[in-house]
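*Asks:* next one to model:
(one chain, ligands or ions: 1)
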Amino acid sequence: MSVIISGASAGIGRALARQLSEKGARLTLAARRGEKLRQLNDELGGKHLVVVADDGKPEDCRRIVVEAQQRFARIDTLVANAGYGIGRSVVDTTIDEWRDILATNVLGTTELIRHAVPIMRQQEKRDGLRGQVMIVSSAAARRGLVYFGAYSATKAAQLSVAEALRVELEPDAIAVTSVHPVTTSTEFFQVAEERVGRKLQVPGRTPLSQTADQVARAMARRIANPSRECWPHEPSRWLLGLATLLPVAGDFVMRRVKRVMDGAR
Ligand SMILES: NC(=O)c1ccc[n+]([C@@H]2O[C@H](COP(=O)([O-])OP(=O)(O)OC[C@H]3O[C@@H](n4cnc5c(N)ncnc54)[C@H](OP(=O)(O)O)[C@@H]3O)[C@@H](O)[C@H]2O)c1
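*Replies:* As a prediction, this is how the structure comes out:
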């Protein structure tokens with residue numbers, strides 16, 4: 001099985017790479033930090049392909065897919081995982097910050113898909129499928145997070161892409177899975193802090209948060225048995241469903257989060 005993982009140099013992507021490698025998958029490990037990717041590949045026996053690439057650049061996304069196809073002659077699963085957040089209010093988010101986050105989180109995802117799907121369409125079926133697109137969105141796709149409005153918008157966009165694509169690709173026997181982690185202990189919040197240049201009191205530090213390994217385990221299960229959505233923290237799926245029905249309840253929770261975050265300013 002050949003799997004592309006964007007954002008494999010840290011966090012969820014790296015944990016998934018370790019788990020899939022153990023199961024014998026051949027991986028294309030992509031991200032900007034080549035040394036981290038090479039370290040990971042060495043740790044995993046050096047049999048995987050490393051592609052140093054910036055998902056915010058369309059040409060780099062094309063290159064990831066082309067190199068994966070050249071090396072493994074097949075792409076069974078594309079995991080569009082690379083992404084980051086910015087901890088800033090919507091009003092204070094600059095146009096350049098919007099452009100950058102949309103370029104990486106949304107256009108990086110759609111460019112990978114645009115290049116990978118035509119290859120998948122030409123492949124012979126394995127276990128009834130020609131391939132799978134897995135998009136790492138977030139629980140925030142279903143409810144915008146206070147002070148993470150731009151980030152939440154990119155995650156909602158990824159969910160919309162997954163929903164449309166899933167039905168579009170049904171006749172091609174290509175599965176589409178969106179992944180919706182809750183707060184997960186990775187470099188994510190450190191990066192979000194670095195981008196705004198200050199400490200954030202974020203829900204990443206609550207007992208509810210999951211580890212990258214927990215999220216990766218849930219994803220590995222959905223790669224073995226594709227489903228429409230993957231919620232590594234299952235109760236949050238139902239709670240966020242309720243928040244969609246009752247926006248007043250979602251606002252109530254977010255008001256409390258805002259108070260905590262304001263206290264940290
Ligand atoms: N952690 C959470 O609480 C959480 C919750 C829900 C969803 N998610 C989603 O999970 C995904 C993975 O995040 P994580 O938590 O594992 O964070 P992380 O530890 O910061 O890892 C992010 C990964 O994305 C890569 N990346 C970021 N910008 C990139 C770019 N322009 N081009 C290529 N690669 C890029 C990073 O690699 P380089 O820096 O080496 O490029 C890194 O490998 C993200 O899409 C995130 O939105 C995270």
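
*Asks:* V136 and N81 touch, don't they?
*Replies:* Yes: contact status for V136 versus N81: in contact at 4.1 Å, counting by Cβ atoms under 8 Å. The C-beta positions use only the backbone N, C-alpha and C, and glycine is treated the same way.

*Asks:* ok, how many other residues are close to A192?
*Replies:* Counted by other Cβ atoms under 10 Å, the residues lying close to A192 total 20.

*Asks:* might you list the low-confidence residue ranges for this structure?
*Replies:* 202-207, 264-265 (pLDDT under 70).

*Asks:* interface residues of it facing the ligand?
*Replies:* Those residues of the chain that sit near the ligand, judged by Cβ under 6 Å from any ligand atom, are 6-13, 31-33, 36, 54-56, 81-84, 104, 136, 138, 181, 183-184, 186-188, 191, 204.

*Asks:* for this structure, which residue gets nearest to the ligand?
*Replies:* Relative to the ligand, the nearest point of the chain is G11 (2.2 Å; Cβ to the nearest ligand atom).

*Asks:* settle this for me: that residue is touching V191, isn't it.
*Replies:* No: using Cβ under 8 Å as the test, G11 is too far from V191 to be in contact (9.4 Å).

*Asks:* and those two? which has more neighbours close in?
*Replies:* Neighbour count, other Cβ under 10 Å: between G11 and V191, G11 has more, with 22 against 16.

*Asks:* look up the closest residue to the more buried one, ignoring the ones flanking it.
*Replies:* Spatial nearest neighbour of G11, chain neighbours left out: T186 (3.0 Å); criterion: Cβ to Cβ, 6 or more residues apart in numbering.

*Asks:* ok, the one you found - contacts?
*Replies:* A10, G11, I12, A212 (Cβ atoms under 8 Å, 6 or more residues apart in numbering).

*Asks:* downstream of the helix or strand hosting Q190, the next helix or strand is which one?
*Replies:* Secondary structure from DSSP states H and E places Q190 in helix 188-196. Helices and strands here follow DSSP H and E; after helix 188-196, the next one along the chain is strand 210-211.

*Asks:* just the helices in the stretch 151-265 of the chain please.
*Replies:* Here the stretch 151-265 of the chain has its helices, by DSSP state H, counting those that start in this stretch, at 188-196, 212-224, 234-245, 247-263.

*Asks:* tell me which of the ones you listed sits most buried.
*Replies:* Mean neighbour counts were compared across those using mean count of other Cβ atoms under 10 Å; the top stretch is helix 212-224, at a mean of 20.

*Asks:* and it, what does it pack onto?
*Replies:* Packed against helix 212-224, as judged by 3 or more Cβ pairs under 8 Å, 6 or more residues apart in numbering; DSSP states H and E, are the following elements: helix 11-22, strand 77-80, strand 131-136, strand 174-179, strand 184-185, strand 229-230.

*Asks:* again, only this time at 10 Å
*Replies:* Packing partners of helix 212-224 (3 or more Cβ pairs under 10 Å, 6 or more residues apart in numbering; DSSP states H and E): strand 2-6, helix 11-22, strand 77-80, strand 131-136, strand 174-179, strand 184-185, strand 210-211, strand 229-230.
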